[in-house]
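K.L.:
Give me a model of this one.
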Amino acid sequence: MFTTYQAKKFNIPTVDGISEKTMTEHIGLYEGYVKNFNAISAALEDLMKDPEKNAHALAELVRRRSFEFGGMRLHEHYFPQFEGGAKELDAKGKLATAFESEGGADMVKNVVTNVAKMRGPGWAILYYDTEAKSFLIGFSGEQHQGHFATLPIILALDVWEHAFILDYGAQGKGKYIDAFFKNLNWSIIEKRFEALQ
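P.N.:
Predicted structure coming up:
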């Protein structure tokens, strides 16, 4: 219940359109989520020794803990998508074939892009429902809320300002999203999907 997590290391090559400074600061933010989650877990363990006396603090920290965990895990989906460099979707692979039932890969990418461009910070997330054998695209503004419960994440696109503001300014979300897809290693997404089959 009070597990301590270690920040993961990512082997990210030069990303065209996303600066090294942005990536370095972004990874630092991720490491902060891990650190904060661990600190809250330690505090909760102590506060649980007298839950009646600490009821208010416990309630606040439990809510905050899920926010930190969401930030940690979503970034652990985000950064690996750049590892190994840009790779196109295998047009004859299982994922591309599955996308056909959703109107094709271009349609899926278009919907993810438009969800990501919605006003406000958050995450555009592509999920796969193994029960219904279909994809769902959602938006999580608070990273621990707005998810499709129990569904595995296939693709995670961070559209909080920290992901693009240094490179493109406050109005540059669209250019950043273009850079994201330009550098995406689709083989990572394909492996996530194939692991669910």
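K.L.:
per-domain residue ranges of the protein.
P.N.:
What automatic domain parsing lists as the domains of the chain is 20-82, 94-194.
K.L.:
For residue 18, list each beta-bridge partner.
P.N.:
residue 15 (DSSP bridges).
K.L.:
Return the set of buried residues in stretch 140-160.
P.N.:
140, 143-144, 147, 151, 153-160 (16 or more other Cβ atoms under 10 Å). Backbone N, C-alpha and C define where each C-beta goes, glycine included.
K.L.:
just stretch 55-74 next, same as before
P.N.:
For stretch 55-74, the neighbour count (16+ other Cβ under 10 Å) marks 58, 61, 64, 65, 67, 68, 69, 70, 71, 72, 73, 74 as buried.
K.L.:
If you count neighbours, what's buried in stretch 40-56?
P.N.:
Result for stretch 40-56 [16+ other Cβ under 10 Å]: buried residues 40, 41, 43, 44, 47, 54.
K.L.:
Next one: the closest residue to residue 186 other than its chain neighbours from residue 15, what distance?
P.N.:
Leaving aside its sequence neighbours, residue 186 sits nearest to residue 89 (Cβ to Cβ, 6 or more residues apart in numbering; 4.1 Å). Separation of residue 89 from residue 15 (Cβ to Cβ, to the nearest Å): 18 Å.
K.L.:
Let me see the ranges of the helices in this protein.
P.N.:
20-47, 55-78, 94-99, 105-116, 165-168, 173-183, 186-194 (DSSP state H).
K.L.:
middle-most residue in this protein, spatially?
P.N.:
The chain has residue 74 as the residue nearest its centroid, 3.1 Å off, counting by Cα atoms, centre = their mean.
K.L.:
And the pLDDT for that one?
P.N.:
pLDDT for residue 74: 98.
K.L.:
In contact with it: list those residues for me.
P.N.:
With contacts defined as Cβ atoms under 8 Å, 6 or more residues apart in numbering, the neighbours of residue 74 are 123, 125, 140, 143, 153, 156, 158.
K.L.:
From the residues you listed, which one has the minimum pLDDT?
P.N.:
Among these, residue 143 has the weakest pLDDT, 86.
K.L.:
Skipping adjacent residues, who's closest to that one in space?
P.N.:
Among residues not flanking residue 143 along the chain, residue 70 sits closest, at 3.8 Å (Cβ to Cβ, 6+ apart).
K.L.:
That neighbour contacts residue 140, correct?
P.N.:
Yes - Residue 70 lies in contact with residue 140 (Cβ atoms under 8 Å); the separation is 7.3 Å.
K.L.:
measure residue 109 to residue 139 for me?
P.N.:
Distance from residue 109 to residue 139, by Cβ to Cβ: 16 Å.
K.L.:
oh sorry, the question was meant for residue 158
P.N.:
From residue 158 to residue 139 the distance is 12 Å (Cβ to Cβ).
K.L.:
Give the residues shared as contacts by the two.
P.N.:
residue 123.
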